[in-house]
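J.: Just the structure for this:
(one chain, ligands or ions: 1)
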Amino acid sequence: MAEYHSPVLVREVAVLAHGRRRLVDCTVGGGGHAARLLETGGSLLAIDRDPHAVREARAALPEGCVSWLNCSFAAPEALTCISRLRPDFVLFDLGVSTRQLEVDERGFSFRPGVPLDMRMAVGEGPSATDVVNTLERRELARVFDEYGDESRADRLAATIVRRRQRSPLTTSDDLVNAIRAALGPQTGPADFARLFQAVRITVNQELESLETALPAVLEALAPAGVIAVISYHSGEDRVVKRFFHEWARACVCPPRVPVCSCRGRALGVADPRKPIRPSAAEIAANRRARSAKLRVFHKSDAA
Ligand code: SAH
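T.: Predicted structure coming up:
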């Protein structure tokens, strides 16, 4: 099989991690970024909710200075470990790995004949089949609208609901056919990718996990520590941007409060202010890089 995953913005991440001693990789995947993080000579806590990823990365990385957790980075177990560690560098490289997309049995792909599954934590919680067959019409429409930027989300949700009354949607073909029936025969791979991704975000509660983890990680971070987040779609990036902006504000009182009664100081800075994007050369070499945005938050040394 091809390479597990080729990491995005790896040089930029290595520069940020330089000289750091207690590192956390919240999404270790195939261990590409983790291998670079270990070049700092520091110790690493490696987390992934996918047991296959943990097995793969464990085999690829040197023993000794890595500790492992196979759970979501938003799970209480992970947040407790991170908090005890008081890390000075935490990386999130969100979304799915190339390997997860490639293996048909994992059910992420819109290639023909793939079971609708999409669970990163194999076998845990509702699958994509459960989501498309049980979510109410309105909720399904919200998923395609909010996570899939689909302007005809209502029509797609109604089509799915009509079809599942005849027989449940269980394979990629069932969902692809529903998309084609609802949105027209001109729909193609880009639409399938976008709408399958919307289902995946729901199945794995991706935005909720990020919203739970980010504030807890900031709290756990050592003074002058760094959080680096690589996101791959606008929903994720919006969450990261909102937190980083909020943390960087000196005063968080509502506009009508006459005297500042809040913490009154920024918790750190988002630097650079704009996200870091991969170079044209990196995008040409690695398709997954094309939508990547790296945002970096530096916690204040007084925090
Ligand atoms: N940086 C990695 C690739 C990461 S791909 C490398 O260099 O190889 C994204 C990984 O994040 C996947 O393995 C996926 O299972 C994991 N993941 C996504 N959401 C997660 C979550 N909430 N908790 C833990 N792992 C998560």
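J.: Tell me the gap between the strand or helix carrying residue 197 and the middle of its chain.
T.: Taking DSSP states H and E as the criterion, residue 197 maps to helix 189-203. Helix 189-203 sits 14 Å away from the centroid of its parent chain (Cα atoms, centre = their mean, to the nearest Å).
J.: Next, the buried residues of the following helix or strand past it.
T.: With elements assigned by DSSP H and E, the helix or strand that comes after helix 189-203 is helix 206-220. Of the residues in helix 206-220, those with enough neighbours to count as buried (16 or more other Cβ atoms under 10 Å) are 206-207, 209-210, 212-214, 216-218, 220. C-beta coordinates here come from the backbone N, C-alpha and C atoms, glycine included.
J.: Run through who's touching helix 206-220.
T.: The set of residues that contact helix 206-220 without belonging to it, under Cβ atoms under 8 Å, 6 or more residues apart in numbering, is 24, 26, 72-74, 78-79, 82-83, 85-87, 90, 92, 94-95, 147, 200-201, 227, 229, 235-236, 239-240, 243, 247, 267-268, 297, 299.
J.: got the residues of the stretch 101-250 of the chain near the ligand?
T.: If contact is defined as Cβ under 6 Å from any ligand atom, the residues of the stretch 101-250 of the chain in contact with the ligand are 120, 209.
J.: For the stretch 101-250 of the chain, which segments count as strands?
T.: Listed in chain order, the strands found in the stretch 101-250 of the chain under DSSP state E, counting those that start in this stretch are 226-231.
J.: which stretches of it have low pLDDT?
T.: Counting by pLDDT under 70, the stretch 101-250 of the chain contains no low-confidence range.
J.: before we move on, back to that, restricted to helices, list the contacts of helix 206-220.
T.: Cross-referencing the contacts of helix 206-220 against helices under DSSP state H gives 78-79, 82-83, 85, 200-201, 235-236, 239-240, 243, 247.
J.: circling back to that earlier point, can you tell me which of the buried residues of helix 206-220 is closest to residue 13?
T.: When the buried residues of helix 206-220 are compared for distance to residue 13 (Cβ to Cβ), residue 217 comes out closest, at 15.8 Å.
J.: Against residue 247, how distant is the closest one?
T.: As judged by Cβ to Cβ, to the nearest Å, residue 217 and residue 247 stand 11 Å apart.
J.: And for residue 24?
T.: As for residue 24, its distance to residue 247 is 18 Å (criterion: Cβ to Cβ).
J.: ok, those two, which is more surrounded?
T.: Per other Cβ atoms under 10 Å, whichever of residue 24 and residue 247 has more neighbours is residue 24, with 30 against 21.
J.: Specify the beta-bridge partners of that one.
T.: Under the criterion DSSP bridges, residue 24 forms beta bridges with residue 45, residue 90.
J.: which ones are touching it?
T.: 44-47, 82, 85, 87, 89-91, 217.
J.: try residue 134
T.: When the contact criterion is Cβ under 8 Å, 6+ apart, the partners of residue 134 are residue 126.
J.: Give me the residue at the spatial middle of this structure.
T.: Relative to the mean C-alpha position of the chain, the nearest C-alpha, by Cα atoms, centre = their mean, is the one of residue 94, at 2.7 Å.
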